[in-house]
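Asks: I would like the atomic coordinates for the input below:
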Amino acid sequence: MAITVVIADDQEMVRTGFRMILESQPDIDVVADVVDGEAALAAVEEHRPDVLLLDIRMPKLDGLEVTRRLSALAAAHPERGRTPRIVIVTTFDLDEYVHTALRNGASGFLLKDASPAMLVEAVHAAAVGDSLISPAITVRLLRDMAPGTTASPARQPSEPLTEREADVVRCLARGATNAEIAAELFVSLSTVKTHLANVQIKLDARNRVEIAAWAWESGLATGGT
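Replies: The predicted model follows:
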């Protein structure tokens, strides 16, 4: 089955470029491209896409508000089924935007100068519940979440992480992929995925970005417990 995508951006050239890149992939189908946030919400309701690509600065509703509304809708009405995975694609990498987007439930954050391959990778990652953030902002973003830099303490997991789960999360917080974690810890890829799934449940996290953020907030990423 093809991954269905809606593109929301107020610049026609950007929408056209993204559509050409994504539709060059045999397993991606762009079902709509729209010019503002209200149209994005309408397109999501009509097409129920797997992935929504959102610009931040758009008329009527910006991408951050669209993300917030879709996350709130999913939480209030779980019977509706899964909402689209959201990838923010923007010119602006301001920390406030990045933090707000990810905390509101976005699955990825890319800059518009990202390569076509990275755009495709972000869509593939989002479609399977994974996340991708532009390398240019990943380390800065996560380090900004270290203890003492956030307004509230990190959440406590419902159950303590096992030693191996903690090892996996530390690797994840450094930006390692599942394959890289498996190689570093000498375990199988399926074992890494199992550990991350368990951690996600314990933290009630929506995606791996939230797990990585928790690792920095809690101090686990820097050697704490």
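
Asks: what about the chain, any weak spots by pLDDT?
Replies: Screening the chain residue by residue with the criterion pLDDT under 70, one finds the ranges 92-95, 134-154, 224-225.

Asks: quick one: the strands in it?
Replies: For the chain, strands defined by DSSP state E occupy the ranges 3-8, 28-34, 51-54, 85-90, 108-111, 132-133.

Asks: Neighbouring strands - and their directions - for the fifth one?
Replies: Okay, so that is strand 108-111. Next to strand 108-111 in the sheet, as set by DSSP bridges, lie strand 85-90 (parallel), strand 132-133 (parallel).

Asks: ok, now the third one?
Replies: Using DSSP bridges, the strands paired with strand 51-54 in its sheet are strand 3-8 (parallel), strand 85-90 (parallel).

Asks: can you put those strands in TSV and add mean neighbour count and distance to residue 130?
Replies: Quick note: C-beta positions are derived from backbone N, CA and C, even for glycine. Supplementary listing: these in TSV, determined by neighbours: other Cβ atoms under 10 Å; distance: least, Cβ to Cβ, whole Å:
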stretch	mean neighbour count	distance to residue 130
strand 3-8	24	13
strand 85-90	25	9
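
Asks: Pipe these into TSV and attach distance to residue 183 per row.
Replies: Formatted as TSV, the entries for the strands paired with strand 51-54 read as follows, by distance: least, Cβ to Cβ, whole Å:
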stretch	distance to residue 183
strand 3-8	27
strand 85-90	26
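
Asks: Nearest to residue 214, out of those strands?
Replies: Proximity to residue 214, assessed across those by Cβ to Cβ, is greatest for strand 85-90 (19.4 Å).

Asks: how long is stretch 45-61 from one end to the other?
Replies: Between the start and the finish of stretch 45-61 there is a gap of 16 Å, counting by Cα to Cα, to the nearest Å.

Asks: Which positions within that stretch qualify as buried?
Replies: Taking 16 or more other Cβ atoms under 10 Å as the basis for neighbour counts, the residues of stretch 45-61 that come out buried are 47, 49-56, 58, 61.

Asks: swap in stretch 178-195?
Replies: By 16+ other Cβ under 10 Å, the buried positions in stretch 178-195 come out as 178, 181-182, 185, 187, 191-192, 195.

Asks: wait, which of the buried residues of stretch 45-61 is closest to residue 70?
Replies: Checking these against residue 70 with Cβ to Cβ, the nearest one is residue 52 at 7.6 Å.

Asks: In this structure the closest one contacts residue 9, no?
Replies: No. Contact between residue 52 and residue 9 fails when scored by Cβ atoms under 8 Å: they sit 11.2 Å apart.

Asks: Distance to residue 205 for the buried residues of stretch 178-195 - can I get that in TSV?
Replies: Putting those into TSV (distance: Cβ to Cβ, whole Å) gives the following:
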residue	distance to residue 205
178	16
181	16
182	20
185	20
187	21
191	19
192	16
195	13
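
Asks: Can you tell me which of those is nearest residue 157?
Replies: For these, the minimum distance to residue 157 (Cβ to Cβ) is 13.1 Å, reached by residue 195.
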